[in-house]
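**Q** No sequence on hand, only this structure:
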């Protein structure tokens, strides 16, 4: 395996609050005040593009992304889930998985677009459950998924 | 199969320039002057979220997205590929597949973010090949993929 690029932050730092990890990927929470249920599935090895993965790795990656999506939907009943793999600034494969709500600061704009309203107080208080509990549900769902995939 | 929602534009219109379609999905080009190599893989049936698909459908969907990504990379050598399934405005599953270049109007911002520069002339002229030829390569790659998947 080649050395990770010296300058790549996702090779050298967790990149957010670590929720759970496996040898292939890790789930972090982005800790964005406007979008509290904003997670990133980071591929552990340094690859830039989704298609740099082989077919089995792509399946493993999207299966984990799907578990995150399903868990966010079940826990929060969001207006919409947003999935994105951009990496223009940090070209190390990571999937944004974001629960969006019609009341959030930017909806229906993407989180990278213009804000449309200001919330009265922290966004987290509008979620159906505390973030620590949401993190725990994601941890359990992903561990169960990993166990069943073995 | 249930009736498509009356108000859903992607149930009633192609949504862009049709490149190729199968019973499961269609590829359209978004015809965005700033981002000429901007395609969308639209799931034909009306579902809102990626996780509304079954496991085989998710695999078929991402396999097609991957062929689009690989073809754009081979043809254009973009700085980065951007993939996204948002659907906040039109909650009918579609994947944005966008070839991004360090010279484009928004890079490294997402295409939904703030522009950073103005191009001298249409962006299309900076691509390695004409869009009609790019469309044709995508058509061929996806047809070949479909034939091998049967």
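**A** Cool, the structure landed. Predicted model only: the values in this text are computed from it and were never measured. Numbers count the residues shown, from 1 in each chain, chains lettered A, B, ... in the order given.

**Q** Chain A against chain B: which residues are in contact?
**A** Within reach of chain B by CB under 8 Å from any CB of the partner chain, chain A has these residues: A:48-51, A:58-59, A:62, A:65-66, A:69-70, A:73, A:79-89, A:91, A:100, A:107-110, A:112-113. Yep, even glycine has a C-beta here, placed from its N, CA and C like the rest.

**Q** so where does residue A:26 fall, helix or strand?
**A** strand A:25-29 (DSSP states H and E).

**Q** Over that strand, what's the mean pLDDT, rounded is fine.
**A** Averaged across strand A:25-29, pLDDT comes to 98.

**Q** And stretch A:138-146, by the same measure?
**A** On average, stretch A:138-146 scores 98.

**Q** outside of that stretch, which residues touch it?
**A** A:19-20, A:22, A:27, A:39, A:63-64, A:67-68, A:70-72 (CB atoms under 8 Å, 6 or more residues apart in numbering or on different chains).

**Q** Go through it and flag the buried ones.
**A** By neighbour count on 16 or more other CB atoms under 10 Å in any protein chain shown, the buried set for stretch A:138-146 is A:138, A:141-142, A:145-146.

**Q** buried ones in the longest helix seen in chain A?
**A** Criterion DSSP state H: the longest helix present in chain A is helix A:55-76. Within helix A:55-76, the residues that count as buried by 16+ other CB under 10 Å are A:57-73, A:75-76.

**Q** Hmm, residue A:90 and residue A:10 touching each other?
**A** Yes: at 5.7 Å, residue A:10 counts as touching residue A:90 under the criterion of CB atoms under 8 Å.

**Q** between the two, which one's more packed in?
**A** residue A:10 (23 against 17; other CB atoms under 10 Å in any protein chain shown).

**Q** ok, the nearest residue to that one once chain neighbours are set aside - contacts?
**A** The shortest distance from residue A:10 to any non-neighbouring residue, by CB to CB, 6 or more residues apart in numbering or on different chains, is to residue A:92 (4.0 Å). Neighbouring residues of residue A:92 by CB under 8 Å, 6+ apart: A:8-11, A:42-43, A:46-48.

**Q** With secondary structure added, can I get those residues in TSV?
**A** Listed next are the contacts of residue A:92 as TSV, based on DSSP: H, G, I helix; E, B strand; the rest coil:
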residue	secondary structure
A:8	coil
A:9	helix
A:10	helix
A:11	helix
A:42	strand
A:43	strand
A:46	coil
A:47	coil
A:48	coil
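
**Q** gap between the two ends of stretch A:85-99?
**A** Using CA to CA, to the nearest Å, the end-to-end distance of stretch A:85-99 comes to 15 Å.

**Q** sorry, back to before: which phi and psi does the residue nearest to residue A:10 have?
**A** phi -130, psi 120 (degrees, to the nearest 10).

**Q** Tabulate the buried residues of stretch A:138-146 in CSV, adding columns for secondary structure.
**A** Listed next are the buried residues of stretch A:138-146 as CSV, based on three-state DSSP:
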residue, secondary structure
A:138, helix
A:141, helix
A:142, helix
A:145, helix
A:146, helix
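
**Q** List of residues touching the longest helix of chain A?
**A** With CB under 8 Å, 6+ apart as the criterion, helix A:55-76 contacts A:24-25, A:27, A:37, A:39, A:41, A:43, A:50-51, A:53, A:78, A:81, A:83, A:93, A:95, A:97, A:99, A:101, A:127-129, A:134, A:137-138, A:141-142, A:145, A:149, B:49-51, B:58-59, B:62, B:66.
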